[in-house]
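Q: show me how the following folds:
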Amino acid sequence: MLAVSLTLVGVSPAAAALQAEPDGLVEVRVGARWLPDGRVEVALQVRSDRGAWSESRLPRRRMMPASSQRFRWRATSPVAVPDAEVRAVARRLAEGVVTVGLRVRALDGDWGERQMPLGRLLYASSKPVWSWSSPVAVVPPRAQVVAFYGHPGVRAMGVLGHGTPAEVAEEITAWVELYDRLNGPRGAIGAFHLITGVAQANPTSDGHWLHRLSHDRIATYVEAARQHGMLLFLDTQIGWSDPLTEVKLLEDFLREPFVHIALDPEFATEPLGVRPGLAIGGITGGQVNEVLGYLSALVEEEGLPTKMLMVHQFAGRMLHDREVIERHPGVELTIDMDGIGSPQAKLRGYSLFAVTRPSQRPAFKLFFTQDQPLMTPEDVQAMEPVPDLVIYQ
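A: Below is the predicted model of the structure:
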């Protein structure tokens, strides 16, 4: 059973990212040439930023034997390309004809489905010269995000309250390096996860039971994220307001390519008729769609890279009608398995909420002092699937 952490402060909180991940795609093409002894040699080329093709990349294992059975796929050794690992695949169709494709190593370490170029039939010539397929766009693995969560000056609300943005950035960087060493070519990037809307135990003048961090204070974290090459998640606990209203208040910051949004339904208790903290609240799939649609339009209008919308969840009632949530261009929905508990309980919640539809990028939250025991980065990397985002409170 997961324990629930309900952290509330009074009207005053004192009383209580790499910039954007790159959108560019790597283009690779597969080549083949017939040798005099009947073998077929397979290679790869990578298109440079200037549009030129690189020298042929020759995998260690790249020969298709002369006796190779028709219609049987054979794969080369892996080849590292920018931000990814690929291997060529080829099979004989007839005498002097092969078809070629590409496979990309997925985030879980397995090889993805074959990606087939439009021009994929290659033919032998009278001389051992290379024939090339049309390009295939390689989608590189997304860097694993390692975030520290909290609210300025309030230690009880998370590790962001334990120091200045610059001091916390140093701590985040140390943890990013741990994950970077463990996750191979995928890499890792740090993030601030800043609570900008804090649910209150006492009513506020606008009736929203919510204290909003000043834009000046938020701006200090924007600049710190920019300076340290990190991402920034702006998190609202919603209170008696609604998600779209609170997200729109942050629009100036969302125009930055490295700034993303998080919603915490735990404190959205207006439908229950009780103040935040007395019961676990929730939002609807329709409300999530409204935010996704708004972010999608902003991405389109501003020409921004993909935005992430994170929704925290550790109980079914926190997100009603998940099945109505739709995908929106330019936005990725990530469900974060939140909550305090044993590793076994947290992993059950992860499989229930974070890796099921409509979540596109699973996230997992850890509590430095309240999880018993605290899972190590090695434990996290052994999860199935490995979380795309790891948040520490």
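
Q: tell me who's in contact with Asp321.
A: Counting by CB atoms under 8 Å, 6 or more residues apart in numbering, Asp321 touches Thr284, Gly285, Gly286. Heads up, the C-betas are built off the backbone N, CA and C, glycines and all.

Q: cutoff 6 Å now
A: Thr284, Gly285 (CB atoms under 6 Å, 6 or more residues apart in numbering).

Q: do Pro329 as well
A: Ser296.

Q: can you tell me the SS state at it?
A: Put simply, Pro329 is coil when judged by DSSP: H, G, I helix; E, B strand; the rest coil.

Q: how close does it get to Val104?
A: 22 Å (CB to CB, to the nearest Å).

Q: now do Glu171
A: Counting by CB to CB - Glu171 and Val104 are separated by 33 Å.

Q: and if you look at His208?
A: Taking CB to CB, one finds His208 at 46 Å from Val104.

Q: and for Ile172?
A: 29 Å.

Q: returning to that earlier point: settle it for me: which of Glu171 and Val104 has more neighbours?
A: Remark: of Glu171 and Val104, Val104 carries more neighbours, 21 against 16, as counted by other CB atoms under 10 Å.

Q: in which helix or strand does the more buried one reside?
A: Element membership of Val104 [criterion: DSSP states H and E] is strand 97-104.

Q: chain center to that strand, what's the gap?
A: 29 Å (CA atoms, centre = their mean, to the nearest Å).

Q: which neighbouring elements make contact with it?
A: strand 84-94, strand 121-123 (3 or more CB pairs under 6 Å, 6 or more residues apart in numbering; DSSP states H and E).

Q: give me that answer again for 10 Å
A: Counting contacts by 3 or more CB pairs under 10 Å, 6 or more residues apart in numbering; DSSP states H and E, strand 97-104 is packed against strand 26-34, strand 40-46, strand 74-75, strand 84-94, strand 121-123, strand 131-132, strand 136-138.

Q: what residues sit buried inside the longest one?
A: Spelled out, that is strand 84-94. Ala84, Glu85, Val86, Arg87, Ala88, Val89, Ala90, Arg91, Arg92 (16 or more other CB atoms under 10 Å).

Q: end-to-end on stretch 233-247?
A: The first and last residues of stretch 233-247 sit 12 Å apart, counting by CA to CA, to the nearest Å.

Q: do the same with stretch 269-284
A: Note: stretch 269-284 ends 12 Å apart using CA to CA.

Q: can you mark which positions in that stretch are buried?
A: Quick answer for stretch 269-284 (16+ other CB under 10 Å): Thr269, Glu270, Arg275, Pro276, Gly277, Ile280, Gly281, Gly282, Ile283, Thr284.

Q: now go through those and say which are in helices.
A: Counting by DSSP state H, the buried residues of stretch 269-284 place none of their members in helices.

Q: of these, which is the nearest to Met375?
A: Closest approach to Met375 among these (CB to CB): Ile280, at 23.3 Å.

Q: okay, that closest one and Thr269: tell me how far apart.
A: For Ile280 relative to Thr269 (CB to CB), the value is 8 Å.

Q: same question, Gly184
A: Look at Gly184 and Thr269: by CB to CB, they are 43 Å apart.

Q: now do Tyr123
A: Tyr123 is 68 Å from Thr269, by CB to CB.

Q: please apply the same query to Leu178.
A: In terms of CB to CB, Leu178 sits 37 Å off from Thr269.

Q: how about Asp216?
A: Applying CB to CB, the value for Asp216 to Thr269 is 29 Å.

Q: please apply the same query to Leu366.
A: From Leu366 to Thr269 the distance is 25 Å (CB to CB).

Q: same deal with Thr369?
A: Taking CB to CB, one finds Thr369 at 26 Å from Thr269.

Q: again with Val42
A: From Val42 to Thr269 the distance is 61 Å (CB to CB).

Q: before we move on, what about Leu118?
A: Taken as CB to CB, the span from Leu118 to Thr269 is 54 Å.

Q: next: Gly187.
A: On the measure of CB to CB, Gly187 and Thr269 end up 39 Å apart.

Q: then Arg322?
A: Applying CB to CB to Arg322 and Thr269 gives a distance of 19 Å.

Q: Glu223: neighbour count?
A: 12.

Q: and for the one 10 residues further on?
A: Other residues within reach of Phe233, judged by other CB under 10 Å, total 27.

Q: partners of whichever strand or helix holds Ala191 in the sheet?
A: Using DSSP H and E, the element containing Ala191 is strand 188-199. Strand 188-199 has its sheet partners listed here by DSSP bridges as strand 144-150 (parallel), strand 210-212 (antiparallel), strand 231-236 (parallel).

Q: name the next helix or strand downstream of the second one, please.
A: What that stands for is strand 210-212. helix 215-228.

Q: can you show me the strands along the stretch 251-393 of the chain?
A: Using DSSP state E, counting those that start in this stretch, the strands found in the stretch 251-393 of the chain span residues 259-263, 283-284, 307-313, 319-320, 331-337, 363-366, 389-392.
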